[in-house]
Every structure is written in structure tokens, then in C-alpha cells.
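1. Sharing a sequence plus its predicted fold:
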Amino acid sequence: MAAGLGVSSKASSKAGMNALHEACVSGNVEAVKSLVLSGYNPEKRTQCESGLTPFCLAVKSGHFELAQWLLSSRCMENLSAMEWLALQNDSYGTTPIMYAAETGNFAMVKWLAGLGVSLFDRNIRGTTVSMWAIQERSLDILKWLIEEGVPLDSTNNRGMNAASYAAVEGQLPTLQYLYSLGVPFSVVNSSGYSLVLLAVESGSVDTVEWLVSEGIGGSLDDTTADGAEVMHIASNNGRLEMMKWLYAKGASLTHKDERGYTPLMCTIKAGSLPALEYLLSLGQPLTGHTSQGETLLMLAAIAGNLELLKYLHSRGLDLDERNRRRDSIETIAAMKGQLGVLKWLVEEQGRSPHVKNKYGSSLACWAAKNGHLHILDYLLTKGVDIRDPDADGETPPMYAAQQGHISTLKWFRDHGVSIFIRSPRGLSCISYAAESGQIKALKWMVSKGGDISAKDVHGRSPLSMALNNHKTAVSDWLTQQGIQE
């Protein structure tokens, strides 16, 4: 413990956080002080993708006193407060003031602005401070930002503006306020969502009704880029009250989007039994396949909703049906990492864990491809051969290498499975990693003795495969190791 303050001094794997990060999230000022004095680096970022500093964690968690202390006691004494604050942005360029706006902490926003943190910055996704404020439903912060001269006419990288963020959160008062300011309402994002469609997604009937009645932000006839209509969107999010309202307005229950999904299929994919039962009560049949041949049972397996899967099975749906690739429902469960579903299929329904698709890919292959170690652990207990190759001689480790799953490659190695065996075509894990540009996995395998010069039966080396697939990072690194084409 840190000075008896209830914070473990051991490193934590939670979101890549150590004890100091956790103390910043909890706002324990005394624990943070103790940990810093004991040697924890207050500039060290979390190991998660966004890479948050302790300061940003404190701001994001709404701990004003802690944020002030971290700023005043900063290690980089040669930097001014403003220079230090500029180094606190996360790996996406999200600034501390954006996190303050996200949490709705008005005092924190004003404090950071007073220190000189810009109200006009955008992160690499194009998100502005005002967009963060809208996400948190902070109308007071939004109004203050406008008073400070922050413009509302910008869009992020997905084509969403301030009105889009208000619509997707179902914030009718904010939308009405933005409309009164002349913010564009004709915006459609990169996925083809108008404001009406975003509001449908939010489930806010009042917001959709207002937009439609005013004739702004699109209409109920809008479709997304992949052909989804309003009922698909409501069904895909299990928005039952929205579905009822849309049905009363004449929305189609049978239209298929470009993936071949009907609204009923969307309710299953969303794992919403009440929404499904509502559509069944309207006479919708419990039949159909997606354009990829996925069955309704497979959609429930993808969602990992065991209750829904059992319900569909009780209604007579056939577990033996396969999709166009001849994947079984067990394959789908392994592919999606749905252990509960897989256990139910194998242990309660007597399904085989040794099943393969038409390409000879086993459940172990699919679990490895998607980095699902818990599925691999389970398959091992059921006697599945984790070395078993597919019809082309590609082994489960090769599937993992192609996706760059180092932890999965380690798992195979720890279980006595060679990661350097070659297929009948002379391909290896090294080959697949090079071809798909998985530089970290490639380096790891080389550190374990992998051969980066071996060629397949067609004379292709890892270098040539990387070059042919324009994987520059891999080809450059291989060349630096003295490999020549």
C-alpha cells in the first residue's frame, strides 16, 4: 500500500494503468503525493491506446484539487505551466480542456482556459471542445464557449458537426438552441447518417419528432450509406419505443440493407429480446439469412446473448445450418470469442468442438486469428488438436501471425506448438507476418530464432512478400537486417 492510503503500489493491468494512474482516477491526493515521493513518475502515460498522463486522468475524472497539485508540482521545472500543459495531450491530440468539457466540469474548463489552454483546438479526429461539451450534455459550457468566440460550423473527420453530436445524444434543447444560432442541419456524416437518423439511433422520440415536424435534419425516408433505414437503426440499438413510434409512422419492417439484414435481424444482432418479441407480435417471421448466409442463430451467437440464443432454439431454429463459407455456429462463437455460447453448444447441445468449415479451418484457427486465448484454453480442455492445419496446411499459429497477435503466438509456444513449422507451400508464421505488415510480431519471432530469409515453393521470401503488398515498414526493416531480394 502507498503510505497506508489504500492504493496498491503494484503495477496494474487495468487499462495499462499503474498505482499512480489509479490514484489519479480515484482523486486520492494524499496517495498521489505519496506515490510520487516514492518514485512514481508523474509524467508516465497509461499503456492503453490513448496514452493518458496522470494530469489528464485527474482532469477526466473531475478531480480539480489533484489537477492543480499535479500542475504546481510538475517535474519539468524548466517548462512554463503552458508549455507543460501542451505536453499533456493524449495520443489522439485530445487536450485536457476537452476532457474537462467531456466530464461537464465547468470550473475545470474555465481554470484551464485561464491558464492558456486553447478553446479552439481539434484533436486528430477533428473533435472540438464544443463537441466534447455536447457529448456530456453540458449546455452551460457550450453557451460559454460560444460567448468566448468558439465557432460551431466545423465538422470532424467523420463529417459530424455540433448539431450531429446533439442529435446522436438525443439532446432536444441543445438542438433547438443550435438551430436558433443557424448551425447547419443539413449535414450528413461519412456513414450517411442525417440528423434524423442520428436521433433515431439515440432513441429520443421527442428529438426525432421535432426534427421531422420542422422539416429539418433529413426525413424518415433517409437511408445510411449501407442501405439501412430508420427501423434498422432503431432495431440495431434495441430502441423499442422508437420502433413503435416509427411503425406508427409507416416505417418498413421488411426492407433489407446491403448486408441483407432486416430489422428483425438487427434486433437479434443487438441482443434485444423485447425488441425481437415486438416485431414477432407484428407478424414478422422468424426466418431469413443475411447476404453472407448467416442464420438468425448465428446472429445471436455473434451478439453473445445466450438467453436470446436459447429462445431462438426453443422456437425450432436449426443449429445445423451453416453460412456460405460453411461456417458452423460453433465456428462463429469461436471467431467472436463468445465462450459462454461455445460452452452451451458443446456441453449442453452436444455439438462438436472439432468442427471445420469448407476450407478446413478449425475452431482453433479462428480463435487464433482473432486472438481469443480464452477460447484456445477451452478448446484445449476438450481435446482439440491446436496444431491441426487447414486444407492449405496453414496452422493456427499462422492465423495468429497474420493478424500480429504476439500474445497468441506466445501461447502456442508455451503449449509446445512450433511457430516455425512450414506449410506444404513453404509458408511460415514469418511469411504471413511479413505479408500482412505485422512488424512487431515479425520482430518478436525473429528474436525467438525465426528465419527471415527462407523462401516458399514459389521462391518468395518474406521481403518479396512485404514488397508486393506495399508493407514498407516490414520491407525496410528486413533490408536493414541485410536481407536482399
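-> Now that the structure is in, tell me what you want to look at.
2. Now tell me which helix or strand of this protein has the poorest mean pLDDT.
-> Every helix and strand in the chain was compared by mean pLDDT, DSSP states H and E; the lowest is helix 81-86, with a mean of 89.
3. contacts for that helix?
-> Applying CB atoms under 8 Å, 6 or more residues apart in numbering, the contact partners of helix 81-86 are 71, 74, 76, 96, 112, 115, 116, 117. Just so you know, the C-beta spots here come from the backbone N, C-alpha and C atoms, and that holds for glycine as well.
4. Kindly export it (C-alpha atoms) in CSV.
-> Taking C-alpha atoms only, helix 81-86 is exported to CSV below (Å, rounded to 0.1, in the frame of the first residue of the first chain):
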residue,chain,number,x,y,z
ALA,A,81,2.8,25.9,-17.0
MET,A,82,1.6,26.5,-20.5
GLU,A,83,4.5,24.5,-22.1
TRP,A,84,3.9,21.7,-19.6
LEU,A,85,0.1,21.7,-20.3
ALA,A,86,0.9,21.4,-24.0
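5. Would you mind listing the buried residues in it?
-> 84, 85 (16 or more other CB atoms under 10 Å).
6. Next SSE downstream of it?
-> Sequence order places helix 96-102 as the next helix or strand after helix 81-86, per DSSP states H and E.
7. Now do the spatially closest residue to residue 243 that is not a sequence neighbour against residue 244, distance only.
-> Excluding its sequence neighbours, the residue lying closest to residue 243 (CB to CB, 6 or more residues apart in numbering) is residue 234, at 4.7 Å. Separation of residue 234 from residue 244 (CB to CB, to the nearest Å): 9 Å.
8. Those two: who's more crowded?
-> More crowded of residue 234 and residue 244, by other CB atoms under 10 Å: residue 234, with 31 against 15.
9. ok, the more buried one touching residue 249?
-> No. With contact defined as CB atoms under 8 Å, residue 234 does not reach residue 249; the gap is 11.2 Å.
10. Can you tell me what sits against stretch 410-424?
-> Stretch 410-424 is touched from outside by 368, 373, 376, 380, 386-387, 389, 392-398, 400-401, 409, 428-430, 445, 448-451, 454, 456-457, with contacts defined as CB under 8 Å, 6+ apart.
11. List buried members of the residues you listed by neighbour count.
-> 368, 373, 376, 386-387, 389, 394-398, 400-401, 409, 428-430, 445, 450, 456.
12. Of these, which belong to helices?
-> Residues from the buried ones among the contacts of stretch 410-424 lying in helices, with DSSP state H as the criterion: 368, 373, 376, 396, 397, 398, 400, 401, 409, 429, 430, 445.
13. you'd agree the last one is up against residue 430?
-> Read that as residue 445. Yes. With contact defined as CB under 8 Å, residue 445 counts as touching residue 430 (5.7 Å).
14. what sits against the most centrally placed residue in the chain?
-> Geometric centre of the chain, nearest residue: residue 49, 11.1 Å, by CA atoms, centre = their mean. Contacts for residue 49 (CB under 8 Å, 6+ apart) come out as residue 91.
15. now do residue 33
-> Residue 33 touches residue 69, counting by CB under 8 Å, 6+ apart.
16. do you know how far the residue nearest to residue 243 is from residue 308?
-> 18 Å.
17. try residue 269
-> 10 Å.
18. got it, and residue 191?
-> Taken as CB to CB, the span from residue 191 to residue 308 is 26 Å.
19. Those two - which one has more neighbours?
-> When neighbours are counted by other CB under 10 Å, residue 308 comes out ahead of the other of residue 191 and residue 308, with 23 against 14.
20. I'd say the more buried one and residue 270 touch.
-> No. With contact defined as CB under 8 Å, residue 308 does not reach residue 270; the gap is 9.5 Å.
21. can you pull out the helices in the stretch 251-400 of the chain?
-> Assigned by DSSP state H, counting those that start in this stretch, the helices in the stretch 251-400 of the chain fall at 263-270, 273-281, 296-303, 306-314, 329-336, 339-343, 363-369, 373-381, 396-403.
22. want to throw those into TSV with distance to residue 162 and mean pLDDT?
-> Below are the helices of the stretch 251-400 of the chain laid out as TSV (distance: least, CB to CB, whole Å; pLDDT from 0 to 100):
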stretch	distance to residue 162	mean pLDDT
helix 263-270	28	95
helix 273-281	30	96
helix 296-303	33	95
helix 306-314	37	95
helix 329-336	36	96
helix 339-343	41	98
helix 363-369	40	97
helix 373-381	42	98
helix 396-403	38	97
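23. now those as JSON lines including distance to residue 104?
-> Formatted as JSON lines, those follow (distance: least, CB to CB, whole Å):
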{"stretch": "helix 263-270", "distance to residue 104": "28"}
{"stretch": "helix 273-281", "distance to residue 104": "31"}
{"stretch": "helix 296-303", "distance to residue 104": "32"}
{"stretch": "helix 306-314", "distance to residue 104": "35"}
{"stretch": "helix 329-336", "distance to residue 104": "35"}
{"stretch": "helix 339-343", "distance to residue 104": "36"}
{"stretch": "helix 363-369", "distance to residue 104": "41"}
{"stretch": "helix 373-381", "distance to residue 104": "37"}
{"stretch": "helix 396-403", "distance to residue 104": "39"}
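24. Run through the residues that contact residue 351.
-> 319, 328, 329, 330, 345.
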